[in-house]
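# A structural model of the following input is requested.
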Amino acid sequence: MRARKSGVALSLVVLTLLLGMAATGHARITRIAVDKVESPYFGGTEFGKTGQYERVSGRAYGELDPKDELNRGIVYVDKAPLNAAGRVEYSVDFAILKPVDMSRGNRTIFYDVVNRGDWRAFATLHVGGNPGNNPAGEKDGGDGFLMKLGYTIVLSGWQGDITPGNNRVAGQFPVATEPGGKPITKLITAEYIVPKTTYTLNLGNEGGRTDARAHPAVPERMGEARLMRRSGPLAPREPIPNSEWSFGRCPDGKNPMTSNVDICYPAGFTTDYAYELVYVAQDPLVMGISFAATRDLISFLRRGRSADNPLFARGEQNAGADPMRHAIGFGRSQSGRYFKDLVHQGFNLDERNRIVFDGILPLISGSRITNTNMEFATPGRVPATLTQHYYSGDQFPFTYATLTDPVSGRTDGWLMRCAQQKACPKVFHMDSGTEAWGARNSLVATDATGQRDLPVPDNVRLYYFAGTQHGPVTKPSQPGLCKNLNNPNPYRETVRALVVAMQDWVASSKTPPPSHFPRASDGLLEAPASLNFPAIPGAPLFDKLGDHYVKDFSVQPPQKVMDKRYVVMVPKVDADGNDVGGVHSTMRQAPLGTYTGWNLRKAGMMENEFCDLQGSYMPFAKTAADRGADPRPSLQERYGSKDAYVAKVEAATVKLVSERFLLPEDAARLIAEALSRDLGF
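Predicted coordinates for the structure are as follows:
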């Protein structure tokens, strides 16, 4: 069956649905513009008991009262343009994937927080299919994991500096100005690394990505700018004379064209340095509106009982019940940090004092939040071990519990505000091995000395996926910047099981699996230099864990406060170099090699520094004769036969299923993969 095209959808929805809500002093969605309804979607595929799905796409328009208590904490909201009613207006793109027959769904919103405008849930949770931004075809839903569970999947824009293209989902937020429309200006620092030599950098460049709006330089103050470089994250800053670079575009390194959103360096920006530009910028967006936009859209979709709500109009239309009983939020990497930030800043409570998200699933976020609700926000950037080392978003608090930090002297916690509001969600905090090394995730569970456990609230579970990388690969390869093969140890199956556990927790109060996270008290955390990592030929241990200090952002570029330091620990490893603590996948329990959360950069690319977001895979030798000086037993020595290896995998699946870290259908698939695997002996 062919999907209905936008013309049909427009006639159904009459272009734009006006909400007609009575004026209040609160934030709200004022208008839903549905551009297209495609029904059925995925080529009419039936997803188990839920049946067919349809897609509703468009834009939501909202406004908020800058004086309301819910919104006063939004940076620059008092400097945003106002409409005739004294409200700040905004809009966000949205996409909804919902059961055609809503009575067959589970009446739960699964909110997929987009990452720099891109969809993430399908790529992370589904087996097969199209992980891109437009999964329209019959097979694009893969195994249909979320659809078979009956979720109504919602995506909406929140990052206001995302540029159009590639079906990205973005937010549209106003530029803040001084009274009378005078531009706001500020001295800021932008940091850059490049994947290959280039002569021009857009000021919004983020590790090679160029799809973020730049903060323009103030033309008459360009002469005050400074360009510096560092040969590593902790190396001293080397000034580059202003005579050697300029604002402008010069793709070939010659004849720069005037621009206040680009810089030209004829000698070339290379892979062997991190660059910092300090300049006077203008025209910041009111980026913190993103939290209010997410809050208000999900609250409206969840509870709006009128034809204006696509989930009600295309659902059961039962005026006595909310369209959705529950809402769960999922965020991967940047999106996971966004969710923690949203809750931390008090946006899980709607205008009628109702909780918005019952549960959240921040995946691979580490101890960090985002650069969203702040002056000259850059939510696409993330403070890391190597890249963007001096950005904010990695300062206290690092924990869900509220506590007083002995280093900064501050009292806070990611759940402090929602606890005051009585609007805290249930939380599954899930990290890969990369977050231990690149996102300082020991601080989530231990104090500033690394020696004492911190309390974990009853509504929070901490899960560490042992020996995984930020985004596991299906087949190991050597990334262009890195020395080692990247890491195939998967965590998808564990996350799928935890999605089911979260649904059970919010819908029926079924207690989820206990936390599995390395802590000080269990002896499974160590200082990086103390790890007893095996002497694998050609594979030295990465021991340059990023230091962590309180940062002084009152100066540009920001500086570390040297007498205010946090101790960061990493998971203990076994004789093979594999993590001991955390949740062990079947691949970790029946290993084919060493799996780490870290990798090293190649020569000419800041050699031996942290290769961001990449882990390592160091395969075992096939036989004893093959392994030479490698101290790790070979596959043949370890398993003896293919049957013994498969038996080990089977035993691992039985254990994981019993612990509720693996679904039975995934266990069967993993056993089948083990049976088809060639061990080479």
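
# by mean pLDDT, point me to the weakest helix or strand of this structure.
helix 6-13 (a mean of 39; mean pLDDT, DSSP states H and E).

# please enumerate the helices of this structure.
Per DSSP state H, the chain carries helices over the ranges 6-13, 121-125, 145-148, 289-303, 310-313, 334-344, 416-421, 433-438, 492-508, 586-589, 624-627, 635-639, 642-658, 664-676.

# residue ranges with poor pLDDT in the stretch 501-650 of the chain?
Along the stretch 501-650 of the chain, segments meeting pLDDT under 70 span 546.

# can you get me the start-to-end distance on stretch 116-136?
In stretch 116-136, first residue to last residue: 21 Å (Cα to Cα, to the nearest Å).

# which parts of it are buried?
Neighbour counts using 16 or more other Cβ atoms under 10 Å place 116-126, 129-131, 133, 135 of stretch 116-136 among the buried residues. Every C-beta, even on glycine, is put in place using the N, C-alpha and C of the backbone.

# Glu607: which of these is nearest?
Arg116 (28.3 Å; Cβ to Cβ).

# roughly how far apart are that closest one and Pro633?
43 Å (Cβ to Cβ, to the nearest Å).

# for the stretch 101-250 of the chain, which segments count as strands?
Taking DSSP state E, counting those that start in this stretch, the strands of the stretch 101-250 of the chain run over residues 108-112, 152-156, 171-172, 185-192, 198-202, 226-230, 238-240, 246-247.

# pLDDT below threshold where in the stretch 201-350 of the chain?
Judged by pLDDT under 70, the stretch 201-350 of the chain has its weakly predicted residues at 318-319.

# bridged to Ile188, which residues?
Per DSSP bridges, the residues bridged to Ile188 are Tyr279.

# correct me, but it touches Asp283?
No: in this structure, Ile188 is not within contact of Asp283 by Cβ atoms under 8 Å, at 11.8 Å.

# identify the contacts common to the two.
Shared contacts of Ile188 and Asp283 (Cβ atoms under 8 Å, 6 or more residues apart in numbering): His215.

# comparing these two, which residue is more hemmed in?
Between Ile188 and Asp283, counting by other Cβ atoms under 10 Å, Ile188 is the more crowded of the two (19 against 16).

# Pro633: what's it in contact with?
Here Pro633 is in contact with Phe620, Ala624, Arg627 (criterion: Cβ under 8 Å, 6+ apart).

# Glu609 reaches Leu600, doesn't it?
Yes: here Glu609 lies in contact with Leu600, judged by Cβ under 8 Å, at a distance of 7.4 Å.

# got the contact list for Thr468?
Applying Cβ under 8 Å, 6+ apart, we find Thr468 in contact with Ser432, Gly433, Thr434, Asn487, Asn489, Pro490, Tyr491, Ser585, Tyr595, Gly597, Gly615.

# residues near Asp579, how many?
26.

# partner residues bridging it?
In this entry, Asp579 is beta-bridged to Val573, by DSSP bridges.

# identify the residues contacting it.
Listed by Cβ under 8 Å, 6+ apart, the contact partners of Asp579 are Gly433, Tyr464, Ala466, Gly467, Pro518, Pro571, Lys572, Val573, Arg588, Tyr595, Gly597.

# with Asp341 instead?
Asp341 sits next to Phe291, Ile369, Thr370, Thr372, Asn373 when contact means Cβ under 8 Å, 6+ apart.

# still on that earlier bit, could you dump the helices of the chain to CSV with distance to Ile263?
Listed next are the helices of the chain as CSV, based on distance: least, Cβ to Cβ, whole Å:
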stretch, distance to Ile263
helix 6-13, 41
helix 121-125, 33
helix 145-148, 43
helix 289-303, 28
helix 310-313, 44
helix 334-344, 25
helix 416-421, 39
helix 433-438, 27
helix 492-508, 40
helix 586-589, 44
helix 624-627, 50
helix 635-639, 51
helix 642-658, 51
helix 664-676, 48
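
# tell me the most buried of these?
Per residue and on average, the most neighbours among the helices of the chain fall to helix 433-438, with a mean of 28 (mean count of other Cβ atoms under 10 Å).

# who's in contact with it?
364-367, 384-385, 441-442, 464-470, 487, 518, 528, 542, 545-546, 570-571, 579, 595-598, 610, 612-615.

# try it again at 7 Å.
Contacts with helix 433-438, where a contact means Cβ atoms under 7 Å, 6 or more residues apart in numbering, come from 364, 366, 384-385, 441-442, 466-470, 542, 545, 570-571, 579, 596-598, 610, 612-613, 615.

# and Glu46, how far is that from Leu656?
29 Å.

# hang on, I meant His470
Applying Cβ to Cβ to His470 and Leu656 gives a distance of 22 Å.

# ditto for Arg354
Between Arg354 and Leu656 the computed distance is 37 Å (Cβ to Cβ).

# how about Gln478?
In this view, Gln478 and Leu656 are 30 Å apart by Cβ to Cβ.

# hang on, the earlier thing: out of the contacts of Asp579, who's nearest Trp245?
The closest of the contacts of Asp579 to Trp245 turns out to be Gly597 (Cβ to Cβ; 36.0 Å).

# who does Asp412 bridge with?
Leu403.

# which ones are touching it?
By Cβ under 7 Å, 6+ apart, the residues touching Asp412 are Phe396, Pro397, Thr402.

# which one of these is nearest Tyr53?
Nearest to Tyr53 out of the contacts of Asp412 is Pro397 (Cβ to Cβ; 39.0 Å).

# so which residue is smack in the middle of the chain?
Geometric centre of the chain, nearest residue: Ser333, 2.0 Å, by Cα atoms, centre = their mean.

# do you know how far the closest residue in space to it that isn't next to it in sequence is from Ala520?
Excluding the flanking residues, the one nearest Ser333 by Cβ to Cβ, 6 or more residues apart in numbering is Ile364, at 5.1 Å. Distance, Ile364 to Ala520, using Cβ to Cβ: 22 Å.

# when these two are compared, which one has more neighbours?
Neighbours per residue (other Cβ under 10 Å) separate Ile364 from Ala520, with Ile364 holding more: 30 against 18.

# enumerate every residue touching the more buried one.
Applying Cβ under 7 Å, 6+ apart, the residues contacting Ile364 are Arg332, Ser333, Gly336, Asp431, Ser432, Glu435, His470.
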